[in-house]
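What follows is a predicted protein model with its sequence.
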Amino acid sequence: MSGFKNNVTAMLFILFVFAFGFLSCSSTGGDDEEEYTASFEYELDASNPNVINLTNTSVGDYLYLQWNYGNGTTSSKETDKTSVRSIHYPQKGTYDISLTVWGNLNTLSDTKTVTHSITIEDNDTDYIEGETLVWSDEFDGTSVNMNNWTFETGDNGWGNNELQNYTNGDNAHIADGKLILTAEKINDNKTTGSYTSTRMITWGKQEFTYGRIEVKAKLPSGTGIWPAIWMLGANLDSYGWPACGEIDIMEYVGYQPNTVHATVHTSAASGADGNGSSKELETCEEEFHVYGMIWDANKIQFYIDTENNITHTYSPTTKTAKNWPFDKPQFFILNVAVGGNWGGAQGIDNTIFPQTMEVDYVRVYQ
């Protein structure tokens, strides 16, 4: 009997130690839970009631944020704890938006989540429901896809007194899923042909009327450089310029760093009188940005990075053949010019070369 009692006593002692250890660990976990809290603030965007601005207000010691935007989209774990997230909700309804904060253990057991229900009152009238990607060039091959593009060549000044000679593909290549357009210096004379570069067009191969268009690119830098992402009417041969219509999705002149331009040219207003606007973009030379356009029968809207970041709208109240040639197909042009009436207005710095414009993709949604 004494052996049995001793065994029972030993078992009880082991259970007591295990229970005490478990309670001690639970208590420590409770302390950890007080090290951070999950919270965020939200507000409707002042310029677009279909955009919600989300700001993380969580406090304490934690590793990551993870958003569930309530529209079927969930972010990955993010270390950026301060940036405002602007989320577009094109359709009216109530959305349950959640923020999950990951603690230092980086496990599901060490997370906290807060949820707010947010109501969008009306549909976004500018939203094109059911749009699909109808064409793109992702530049994921080993060379430029000549089913999409043609190289325009020559050193004729291109109507703007530009100095570069456009080559037949020698200044363009594909690397790491990017199209690289390179402007190079041949000599220091700063005359016609002193530079080589690239001008690529989709004329006769890829032409579009209406849609949402996005081109993701990183821009070159330096005085004298003049890159552009633009479109011209496919009836250029018969109508001429500017009657065919020109849409400059993005233009940049190196002597005005960190300022991008979007402009429309027509018979009603062209050249320096074109209808457009400028936008400060501090990282346009260092980072890739999306230069976008929403084009329908009533308007052309330009935006940068997100659809709600509209930079300019062109929409004549009374449309005529002179001010609205944009009911017909247009083709893409990607080029990097050197010098010229605008690009060379403050001269050319020959120490900047070579310079490149990198393009991640060109996409058309309809």
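Now that the structure is in, tell me what you want to look at.

tell me the contacts of the residue most central in space within the chain?
Taking Cα atoms, centre = their mean, the centroid of the chain lies closest to V290, which sits 2.7 Å from it. By Cβ atoms under 8 Å, 6 or more residues apart in numbering, the contact list for V290 reads E214, V215, K216, I304, D305, T306. Placement of C-beta: from N, CA and C, glycine included.

Mark which of those are buried, thanks.
E214, V215, K216, I304 (16 or more other Cβ atoms under 10 Å).

The last one and Y365, how far apart?
Shown here: I304 relative to Y365, a distance of 17 Å by Cβ to Cβ, to the nearest Å.

now swap in the first one and tell me
Distance, E214 to Y365, by Cβ to Cβ: 8 Å.

Downstream of the helix or strand encompassing G292, the next helix or strand is which one?
Using DSSP states H and E, G292 sits in strand 289-295. Helices and strands here follow DSSP H and E; after strand 289-295, the next one along the chain is strand 300-304.

what's in contact with that next one?
Strand 300-304 has contacts (Cβ under 8 Å, 6+ apart) with 126, 247, 249, 260, 262, 264, 277, 279, 281, 289-295, 309-315, 326.

buried subset of those?
Of these, these count as buried by 16+ other Cβ under 10 Å: 126, 247, 249, 260, 262, 264, 279, 281, 289-295, 309-312, 314, 326.

mind checking how far the residue nearest to the centre of the chain is from I249?
10 Å.

Need the overlap of contacts for the two.
With Cβ under 8 Å, 6+ apart, V290 and I249 have common neighbours V215.

Could you list everything K112 pairs with in the sheet?
Beta-bridge partners recorded for K112 (DSSP bridges): V101.

Which residues are in contact with it?
Going by Cβ under 8 Å, 6+ apart, K112 touches E33, Y36, T37, A38, T100, V101, G103.

Report the contact partners of the fifth one.
Right, T100. Neighbouring residues of T100 by Cβ under 8 Å, 6+ apart: A38, L65, Q66, W67, N68, T111, K112, T113.

Columns pLDDT on top of those, output as TSV?
Putting these into TSV (pLDDT from 0 to 100) gives the following:
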residue	pLDDT
A38	95
L65	93
Q66	93
W67	91
N68	92
T111	95
K112	95
T113	96
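
For those residues, which ChimeraX command selects only the ones that are buried?
Selection of buried members from the contacts of T100 for ChimeraX, criterion 16+ other Cβ under 10 Å:
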select :38,65,66,67,68,111,112
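
quick check, nearest of the contacts of T100 to K81?
L65 (6.2 Å; Cβ to Cβ).

Now do that closest one against S75, distance only.
Remark: distance between L65 and S75 (Cβ to Cβ) = 8 Å.

Check G103 too.
Distance, G103 to S75, by Cβ to Cβ: 18 Å.

dump the residue contacts of the residue nearest to E184 when sequence neighbours are not counted.
In space, and not counting its chain neighbours, E184 is closest to P354: 4.7 Å by Cβ to Cβ, 6 or more residues apart in numbering. Residues near P354 by Cβ under 8 Å, 6+ apart: T182, A183, E184, K185.

What helix or strand is the second one located in?
For A183, the enclosing helix or strand under DSSP H and E is strand 178-185.

For that strand, name the packing helices and strands.
Counting contacts by 3 or more Cβ pairs under 8 Å, 6 or more residues apart in numbering; DSSP states H and E, strand 178-185 is packed against strand 172-175, strand 195-197, strand 330-338, strand 355-365.

and with 6 Å instead?
strand 195-197, strand 330-338, strand 355-365 (3 or more Cβ pairs under 6 Å, 6 or more residues apart in numbering; DSSP states H and E).

of all the ones you listed, which lies closest to P49?
P49 sits nearest to strand 355-365 of all the helices and strands packed on strand 178-185, at 23.0 Å, using Cβ to Cβ.

tilt between that closest one and strand 178-185?
150 degrees (axes from the mean of the first three to the mean of the last three Cα atoms, to 10 degrees).

how about low-confidence regions in the stretch 1-150 of the chain?
1-34, 126-130 (pLDDT under 70).

quick one, strands of it?
Secondary structure of the stretch 1-150 of the chain, counting by DSSP state E, counting those that start in this stretch: strands at 36-37, 40-44, 51-56, 59-60, 64-68, 85-88, 93-102, 111-120, 133-137, 150-151.

I'd like the ones you listed laid out as CSV, including distance to G169.
Below are the strands of the stretch 1-150 of the chain laid out as CSV (distance: least, Cβ to Cβ, whole Å):
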stretch, distance to G169
strand 36-37, 55
strand 40-44, 49
strand 51-56, 42
strand 59-60, 56
strand 64-68, 44
strand 85-88, 39
strand 93-102, 48
strand 111-120, 48
strand 133-137, 15
strand 150-151, 5
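
between those strands, which one is nearest to D360?
strand 133-137 (10.1 Å).

so what's R85 bridging to?
Taking DSSP bridges, one obtains L54 as the residues bridged to R85.

coming back round to it: most packed of the helices and strands packed on strand 178-185?
strand 195-197 (a mean of 26; mean count of other Cβ atoms under 10 Å).

Look up how far W149 lies from T182.
16 Å.

so D360 makes contact with E214?
No - judged on Cβ atoms under 6 Å, D360 makes no contact with E214 at a distance of 9.9 Å.

just to revisit the earlier point, and the average pLDDT for the strand holding A183 is what?
Summarised as a single mean, pLDDT over strand 178-185 is 98.

what comes into contact with it?
For strand 178-185, the external contacting residues (Cβ atoms under 6 Å, 6 or more residues apart in numbering) are 139, 171-173, 195-198, 336, 338, 350, 353-360.

re the thing from before, can you name the two of the contacts of K112 that sit furthest apart?
That would be E33 and T100, which, of the contacts of K112, are the farthest apart (Cβ to Cβ) at 14.4 Å.
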